[in-house]
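Trainee: next comes the sequence, and after it the predicted model I'd like to discuss.
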Amino acid sequence: MDVSARKRSFQPSRSWIVLTTGLLVLCAAACDPPGKPGPAEIAPENIVDFQTLYGQNCAACHGADGKNGPGRIINDPLYLAVLPRDTLRQIIQYGRPGTSMPAWDQREGGPLSPKQINALVNGIENNWAKPVHFATAFPSYTGQGTTGDSGRGQKLFLRDCFACHGPGARVGTVTGADYVSLVTDQMLRTSIIVGRPDLGMPDYRFLNLGHVLSDQDIADLVAFLSSKRPAGITAMYESAQNRINESQSGQQGGSTGQHVNESGSGQGGVLTKGNEGSGTGPGSPRQQKNEGNKSTGSSSLGGPK
Ligand code: HEC
Ligand code: HEC
């Protein structure tokens, strides 16, 4: 950009400068509502710095640094290993209709451009994904194709969850209609697969006293929890998700630049995601050593009531 040309076209007088500077100083002190970006700041639609985007749009619910928030943990290597990158992008684009997770894509009425959503996806993957060791095939993110059995899920719940989530237990209940009405089946499924390592809930590898929960076990548990929700709300979540899936398949092949970092440098050569699309299966390049996924103490922040 030719700065000198712009300078030449506008030559303000000295007194004009003094006057405007004075007004600006006054205004900075008195007129602007707090938090309003000053003239020197980048316009919100041009921000592509991950930390800024995440801090401004996501941290309030998902926690500063992606954990310890009232909403689901995102800064978790196990979660990011199970979640296909395209699905992460789709969740950010469309949100979770009917819950407090809004759509972020401008084309869906949200505030962010495709470029900014790319920056979020890449930032989350590059900063928070780490190699994870899976002894066996890990569960698929969506569990598509597995039908849950609510009766069996109830038995599993008594076996694997009751100690922490039963009445009077130290963690809140997750079987109340008011709680399960607020969350989608996917959110319940995600919770069972990856737990809440930031708040002390173990993941699917440890929930059953060290025995891995199968895809079927997880589907059964979700079916049980889901059965506590009024059918109308479940139908609303399902039709919203179907609409998103349809809209997504219509978009396939569109938007270039989506895979900016797909073949990325991959820290240590092991980070490239091997579970795109299917979200399942052994042999993922991500199946490496797992560190930093230990459960820490509990917290009363948000979560189930
Ligand atoms: C107002 C609160 C709120 C804000 C802000 C918010 N989220 Fe969410 N988010 C939620 C809730 C609630 C859910 C779970 C919804 C459900 O029940 O499926 C969720 C779900 C998600 C999930 C999927 C979790 C799963 O089930 O696997 C991802 C990923 C996510 N959000 C990322 C983001 C990102 C990135 C941002 C910022 C651009 C963001 N969220 C901003 C509330 C929020
Ligand atoms: C060792 C204790 C423990 C066990 C066992 C346990 N949970 Fe949890 N669970 C927690 C804690 C702690 C939280 C976080 C509570 C909070 O948000 O304050 C939690 C949160 C949850 C949430 C909300 C997740 C979120 O991100 O807000 C769901 C859903 C849930 N648990 C379901 C289950 C199910 C289903 C089982 C059994 C398969 C189970 N839990 C077993 C301790 C446990």
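Mentor: Received it, and whenever you're ready, just let me know what you need. Ligands and ions are numbered 1, 2, ... in the order given.
Trainee: near ligand 1, which residues of the protein?
Mentor: Applying CB under 6 Å from any ligand atom, one finds that the chain approaches ligand 1 through 57-58, 60-62, 71-72, 74, 88, 91-92, 96, 99-101, 104, 120, 183-184, 186-187, 190. Just so you know, the C-beta spots here come from the backbone N, C-alpha and C atoms, and that holds for glycine as well.
Trainee: I'd like to know which of the residues you listed are buried.
Mentor: 57-58, 62, 71-72, 74, 88, 91-92, 96, 101, 104, 120, 183-184, 186-187, 190 (16 or more other CB atoms under 10 Å).
Trainee: and stretch 125-138, how far apart are its ends?
Mentor: In stretch 125-138, first residue to last residue: 19 Å (CA to CA, to the nearest Å).
Trainee: likewise stretch 93-102?
Mentor: This stretch, stretch 93-102, spans 9 Å end to end (CA to CA).
Trainee: tell me if that stretch is near ligand 2.
Mentor: No: using CB under 6 Å from any ligand atom, stretch 93-102 stays clear of ligand 2, coming no nearer than 11.8 Å.
Trainee: Gly63 reaches Gly55, doesn't it?
Mentor: No: contact criterion CB atoms under 8 Å: Gly63 and Gly55 do not qualify, at 10.9 Å.
Trainee: so which of the residues of the chain next to ligand 1 sit within helices?
Mentor: Counting by DSSP state H, the residues of the chain next to ligand 1 place Asn57, Ala60, Cys61, His62, Leu88, Ile91, Ile92, Leu120, Gln186, Met187, Thr190 in helices.
Trainee: thought the first one was touching Met101?
Mentor: No: contact status for Asn57 versus Met101: not in contact, 11.3 Å apart, counting by CB under 8 Å.
Trainee: okay, the nearest residue to Val82 once chain neighbours are set aside and ligand 2: tell me how far apart.
Mentor: Computed as CB to CB, 6 or more residues apart in numbering, the closest residue to Val82 that is not its neighbour in sequence is Tyr141, at 5.3 Å. Note on Tyr141: its distance to ligand 2, by CB to the nearest ligand atom, to the nearest Å, is 15 Å.
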